[in-house]
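In: Dropping the sequence and predicted coords here.
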4 protein chains.
Amino acid sequence: MKKWIGFITLLYLITATGIAQVANVQVPELEKKHVRNTIRIPDLDGFRTLKCDFHMHTVFSDGIVWPEVRVYEAWEEGLDAIAITDHIEHTPHKPFVGGSFNSPYEIACPKAKELGIVLIRGAEITRDMPPGHLNVLFVQNIDKINVPDPIGAIMEAKNQGAFIFWNHPCWKAQQPDSCIMFSMHKNLIEKKVISGIEVFNEKEWYPIALKWCLENNLAIIGNSDIHDFTSHYYSMEQWHRPMTLVFSRDTASVSIREALFAGRTVAWFAKYVAGKEDYLQELFRKSVIVDRPGKAVKGETALTLKNTSDFTFELSSLSVPGKMAIIHPNESVLIKVKPNEDFIVSNWFIGADENLKVRFF
Amino acid sequence: MKKWIGFITLLYLITATGIAQVANVQVPELEKKHVRNTIRIPDLDGFRTLKCDFHMHTVFSDGIVWPEVRVYEAWEEGLDAIAITDHIEHTPHKPFVGGSFNSPYEIACPKAKELGIVLIRGAEITRDMPPGHLNVLFVQNIDKINVPDPIGAIMEAKNQGAFIFWNHPCWKAQQPDSCIMFSMHKNLIEKKVISGIEVFNEKEWYPIALKWCLENNLAIIGNSDIHDFTSHYYSMEQWHRPMTLVFSRDTASVSIREALFAGRTVAWFAKYVAGKEDYLQELFRKSVIVDRPGKAVKGETALTLKNTSDFTFELSSLSVPGKMAIIHPNESVLIKVKPNEDFIVSNWFIGADENLKVRFF
Amino acid sequence: MKKWIGFITLLYLITATGIAQVANVQVPELEKKHVRNTIRIPDLDGFRTLKCDFHMHTVFSDGIVWPEVRVYEAWEEGLDAIAITDHIEHTPHKPFVGGSFNSPYEIACPKAKELGIVLIRGAEITRDMPPGHLNVLFVQNIDKINVPDPIGAIMEAKNQGAFIFWNHPCWKAQQPDSCIMFSMHKNLIEKKVISGIEVFNEKEWYPIALKWCLENNLAIIGNSDIHDFTSHYYSMEQWHRPMTLVFSRDTASVSIREALFAGRTVAWFAKYVAGKEDYLQELFRKSVIVDRPGKAVKGETALTLKNTSDFTFELSSLSVPGKMAIIHPNESVLIKVKPNEDFIVSNWFIGADENLKVRFF
Amino acid sequence: MKKWIGFITLLYLITATGIAQVANVQVPELEKKHVRNTIRIPDLDGFRTLKCDFHMHTVFSDGIVWPEVRVYEAWEEGLDAIAITDHIEHTPHKPFVGGSFNSPYEIACPKAKELGIVLIRGAEITRDMPPGHLNVLFVQNIDKINVPDPIGAIMEAKNQGAFIFWNHPCWKAQQPDSCIMFSMHKNLIEKKVISGIEVFNEKEWYPIALKWCLENNLAIIGNSDIHDFTSHYYSMEQWHRPMTLVFSRDTASVSIREALFAGRTVAWFAKYVAGKEDYLQELFRKSVIVDRPGKAVKGETALTLKNTSDFTFELSSLSVPGKMAIIHPNESVLIKVKPNEDFIVSNWFIGADENLKVRFF
């Protein structure tokens, strides 16, 4: 391959060097080509599966990138919707970076429109525990949320129509020895002010938070909380960034908001998926195609399981100990299965200590 | 490989999910590992070959990254020395980003010390043509260079001890139809105020600038002028970022300054190298090992040419038309050569239209 | 990632070295994992699109691999059906390798059954031009085809029920200065003995052969003619091996035979596709999803074209010169399109000098 | 990158399709480019470090490739010397593949001469345990070694001047429950008939065999025993194939033989190295450059350890528990070290349960 590239640029240079006045020779092979990747996740019946990340930072709080970076990262990675959620009460770049708390959203907006990325106005209320950190999405004016009393800030966001979720509840910086839900959270959940919890944040996952979400019918959220470039922080040759899959009527911002309040989400991080059993069951069925069913031999049938999605599946038989299969994206496996043989998907969670159970026939 | 990673994290999760109170489970496979790569370029007799980039931007002018990003990028890529050179007269982020013109340097300094990267205080004087854009390195106080008169700004930098070079002389935004050296530049070169010219900038190379450098004994400079993340802008799976190789007595900042004023540099960009014949000849001899000399057959001897460097070499015989060999980094080629057969390295330039000539025996 | 692999194997070795009698320590990270990849090509209405390669060699003629290698290569690469077609009249390994001409098929058969690959019994009749080389598929006994007279050999194959196609018609070793169809071929085509022609072989494509196929209603065939390991010969990080896409009622061998005689095929090689307009039009429509239609601005509508297949598309507008888009597998592009604007897919051929024409709305 | 390749081939095709008679269009981007890679391992004082693999198979015994494949694999991977060692007493392809036991060597010889690979005539004596399997190198006529009595076969090889080593001594197929040295082996070692043992074979390593080698002053051997293509069997994106490093006066076959009898070898497999302490100490010192020594802070000095080799090093401090560093090929690490602080290289073995110990200053 390289020799052809070499050939092409050689043409340029031969021309160039043959004429004394040659001034400006392009070297296009140096530049990285930027494209939008497709994340292959099936839609659910009646809903589109949107790939969303609702937690990220810029130089306006403690991130290291200019706001519109967040938009083109999302476009390149195949995401549909993002929220830039700079800290309100934690702005270490303050001596150098200022402006309204709405500035990151406003700076990034034109790029989002150009590329068709849904950009949600949001912010991170950043307090001691309780309540800790909470993200507020779909707000009108972030500057008004910058008030001393944490409950005051939260209620101001709620009054602006915010969808509010509790961030990284078991983050060791705020809950070093255990992870409990404080009465303040219980209260806010009961009053339908907090409507979701991050079960995954950055590179940590919180099984107990999945339990809380299922018990309280809250949206199950997974976010990157990225401060760095995503491609510099995450091993993206192997994984997509962590994200929330939202089952939405369409790609409109109001539809995403409706889906979040309705709890139609699952969290996806590395090879793991966490969410309600129904959603995981449907995602599984639409992702894994049972192909080429052979004839039964000694009560076992050879199946080809073809993974048509970007999920990874780790299957373990419940009746034959040690019988496992891992199906990576774009790959198939051959497996022999008995009638009514149950498998668990050991990397898909429908509870803090419960895996999705599947059967092939 | 993947299955082992899977196994390891499974151990975590089994532990995790077996106990109801499990709160915080790390998913380390998501994170990218950051290491310092080695750029394999031979040293010259008496000098170390330092890998340097003297032109880059941050959010403090029109870049999109926080200053210390420039330091860890350089560390990861294997560079030895960099200068952050934000525009003085072009600060489009001004409504949001402020502070002294020295701030980018001062913010990045602690990280540079920690990682052992030489960080040079610098800035880009950004004017209409002439004089266009000039980078000033090793200055004391950039704020003082912010004066209306371009010559005043340049002379203030010179008085602070700056090494000054002319940036992207044939940039089409400033010289759309031709590329000439203005009398202002001639004057500044004669007075030893301008001591170098970029023969390469970002993704453009300027053969005519190489001619000017050789005629006027100026330092031959190649820089990235990066505004984005380097790994997002450049195709770094294939190439290193463009850079200036400085032949320096040691890695001290003062030694780099001495080497620049002495013109001991070559520019390296994608597969191309541009510089003085002597330096290229020595770099070639130390990079390409002639191995395993066989016996002559019909006047030709089979050689193995082993490329021990990160350079790419495109060899063309001067006596046998069409006889070529390309030697990529870490590779060897077999080639049959006659005594006194001359080759040109067609991607190495010792003049605007002249290639390095080499002979193997 | 590497550090975790390191950790796992360290566990092994600590155990190992702690006990004097440790004998046998596995180093599993050395082994390559073998999986079946999915080739993502849409099915056509009423037909499955099978990925087939009908031309390959083993040590039994002039290849360098044992027959069952051809089966697991095909399985790993995602193919559905193959024919091993060793030369009958060209067996340079004869002093060392012998047996019946049916041996390669018989040796490879059990592996093909195990992996679910359709293995077709075939051979290559290997003569001077005319008739040159012809592949015969679905034969009963290859040994009987080994007769001196070329027409005798061809008719014996035909009598055994063979599907017969002309291989690499414009191969320079047999037609160095031009590429014509000899009267012997015309005759055999008229008599429905030859039913297909390779428009692509190994790394060569023959536009004129596409013309002949379309004029004579022959199956359009593309094959690898591989002698080496496919992964050693082809640049498979970037491309699939060249192949024939067969639109078949199902995966049974008889169905493939029916589809070949019916001419329901296209050839796919690197980024190129060659075939009948109808098939290419349907493949295009099912591969490229027009997503996210924005509002018209100045008569232009912004579209996202999402490539859900493993094809590559190079689009050129017929009304706006220089307006191009390349859509690689798994990627999307943004493009602005006018009503009734026609594009050609410049790498898809529906004639020797004609490209597929497409319109988005 | 891809778009330029596309462009180049488009030129071809535009030309092609513009003229009706176009017959034969090359698609060169399909082909994989084959080059010789460099394995970067330092030479020892007075010796060249040759990269050798003394155990591999072809279709002439139970391998799946034609003999000359072994030569070009070795050339591409950067090896210097190989021995093809087909089984004498195990020839499952016999109904189809025949000839002399010398045939694999003779078939591969011309290719080896062309590419400058040292090809050693060898074979594998393949018996029940004891003696199990033994490789004989530098023999004159393998057919004569094909005698019923195992000792007779071994002594015939010895009389032909063979260097003889014991293969995979702890292979579970022959020693399922333990791994002992039989008296037959002890006897042959005492009589200097067996002069080496494989401490590594295929994907297994035998610490106890390292102990035996050190106790009996035998050559420490590591081999692939490859039957498949190396690039299909091994994960060569990450590792080189397993091999024996031979410290030889030069690349001549007789010099390699001298070095083997003198025991100047180490085994290298994945990230592991096993051998005599002196050789490992010298390899370490020449591979890891201690760069950029900073000033001592609180008794600790920051060092950059630059790995200039293709080895991987896993360092563990002996005085500070948990203090580790992993240095991959072509990478550097920053580490703080106290005077006289000892480290072990936990993946380099100088005994069955002993690691190399190193100190930086």
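Out: Sure, I can see it. Residues are numbered from 1 along each chain as shown, chains lettered A, B, ... in the order given.

In: From D:Lys32, how far out is A:Ala83?
Out: When Cβ to Cβ, to the nearest Å is the yardstick, A:Ala83 and D:Lys32 sit 45 Å from each other. Quick note: C-beta positions are derived from backbone N, CA and C, even for glycine.

In: Which of the two has more residues huddled nearby?
Out: Remark: of A:Ala83 and D:Lys32, A:Ala83 carries more neighbours, 26 against 18, as counted by other Cβ atoms under 10 Å in any protein chain shown.

In: Contacts only, for that one.
Out: A:53-56, A:119-122, A:135, A:137 (Cβ atoms under 8 Å, 6 or more residues apart in numbering or on different chains).

In: Among those residues, which one sits closest to chain B?
Out: A:Asp53 (13.5 Å; Cβ to the nearest Cβ).

In: Strands of the stretch 201-350 of chain A, residue ranges please.
Out: A:204-205, A:219-223, A:243-248, A:265-269, A:272-275, A:288-291, A:296-297, A:300-307, A:313-317, A:324-327, A:331-337, A:342-351 (DSSP state E, counting those that start in this stretch).

In: quick one, which of those strands is nearest to chain B?
Out: The nearest among those, by Cβ to the nearest Cβ, is strand A:204-205 at 4.9 Å.

In: what is the rounded mean pLDDT of the closest one?
Out: In this model, strand A:204-205 has a mean pLDDT of 97.

In: one step back: run through the contacts of A:Ala83 and flag the ones next to chain D.
Out: Among the contacts of A:Ala83, proximity to chain D is found for none (Cβ under 8 Å from any Cβ of the partner chain).

In: Out of these, which comes closest to chain C?
Out: Closest to chain C, out of all of those and judged by Cβ to the nearest Cβ, is A:Leu119, at 14.8 Å.

In: Give me the neighbour count for that closest one.
Out: For A:Leu119, using other Cβ under 10 Å, the count is 24.

In: Over to A:Leu30?
Out: 24.

In: my guess is it meets B:Tyr234, correct?
Out: Yes. A:Leu30 is within contact range of B:Tyr234, at 5.7 Å (criterion: Cβ atoms under 8 Å).

In: A:Lys113 falls within a strand, correct?
Out: No. The assignment for A:Lys113 (DSSP: H, G, I helix; E, B strand; the rest coil) gives helix, which keeps it out of a strand.

In: ok, the nearest residue to A:Asp80 once chain neighbours are set aside to C:Ala112 distance?
Out: Using Cβ to Cβ, 6 or more residues apart in numbering or on different chains and skipping residues adjacent in sequence, the residue nearest A:Asp80 is A:Leu50, 4.2 Å away. A:Leu50 sits 43 Å away from C:Ala112, going by Cβ to Cβ.

In: And for the residue lying closest to A:Asn141 once chain neighbours are set aside, the neighbour number?
Out: Leaving aside its chain neighbours, A:Asn141 sits nearest to A:Asn102 (6.5 Å; criterion: Cβ to Cβ, 6+ apart). By other Cβ under 10 Å, the residues close to A:Asn102 number 17.

In: mind showing which ranges of chain A have poor pLDDT?
Out: A:1-22, A:292-295 (pLDDT under 70).

In: quick one: contacts for the spatially most central residue of it?
Out: For chain A, A:Met243 is the residue whose C-alpha lies nearest the centre (Cα atoms, centre = their mean; 0.8 Å). The neighbours of A:Met243, taking Cβ under 8 Å, 6+ apart as the test, are A:51-53, A:79, A:222-224, A:267-269.

In: helix, strand or coil for the residue in the stretch 151-300 of chain A that chain B sits nearest to?
Out: In the stretch 151-300 of chain A, the residue that lies nearest chain B is A:Cys179 (3.4 Å; Cβ to the nearest Cβ). What three-state DSSP gives for A:Cys179 is coil.

In: re the thing from before, what packs against the helix or strand the residue nearest to A:Asp80 falls within?
Out: Applying DSSP states H and E as the criterion places A:Leu50 in strand A:48-53. If contacts are counted by 3 or more Cβ pairs under 8 Å, 6 or more residues apart in numbering or on different chains; DSSP states H and E, strand A:48-53 sits against strand A:81-84, strand A:243-248, helix A:253-261.

In: how about the ones you listed, which one is nearest C:Pro148?
Out: Closest of the helices and strands packed on strand A:48-53 to C:Pro148 is strand A:243-248, at 67.3 Å (criterion: Cβ to Cβ).

In: Measure how the closest one sits relative to helix A:253-261, angle-wise.
Out: 110 degrees (axes from the mean of the first three to the mean of the last three Cα atoms, to 10 degrees).

In: so what strands line up beside strand A:243-248?
Out: strand A:48-53 (antiparallel), strand A:265-269 (antiparallel) (DSSP bridges).

In: Pick the most buried one from these.
Out: Mean neighbour count (mean count of other Cβ atoms under 10 Å in any protein chain shown) peaks for strand A:265-269 among those, with a mean of 27.

In: Just the CA atoms of that strand, as PDB, please.
Out: Only the C-alpha atoms of strand A:265-269 are listed here, as PDB (Å, rounded to 0.1, in the frame of the first residue of the first chain):
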ATOM      1  CA  THR A 265     -32.400   3.400  28.900                       C
ATOM      2  CA  VAL A 266     -29.600   0.900  29.400                       C
ATOM      3  CA  ALA A 267     -26.000   1.600  30.300                       C
ATOM      4  CA  TRP A 268     -23.200   0.100  28.100                       C
ATOM      5  CA  PHE A 269     -19.600   0.200  29.100                       C
END
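
In: What residues sit buried inside stretch A:253-269?
Out: A:255-257, A:259-260, A:263-269 (16 or more other Cβ atoms under 10 Å in any protein chain shown).

In: Span of it from start to end?
Out: 23 Å (Cα to Cα, to the nearest Å).

In: Touching, A:Asp86 and A:His57? I think so.
Out: Yes. Under the criterion of Cβ under 8 Å, A:Asp86 makes contact with A:His57 at 5.5 Å.

In: Overlap of the contact sets of these two?
Out: A:63, A:124.

In: now the helices for the stretch 1-150 of chain A?
Out: With helices called from DSSP state H, counting those that start in this stretch, the stretch 1-150 of chain A shows them at A:2-18, A:67-77, A:103-115, A:150-159.

In: Is chain B within reach of stretch A:163-174?
Out: Yes. Stretch A:163-174 is in contact with chain B by Cβ under 8 Å from any Cβ, via A:170-172.

In: End to end on that stretch, go ahead and measure it.
Out: Start-to-end, stretch A:163-174 (Cα to Cα) is 23 Å.
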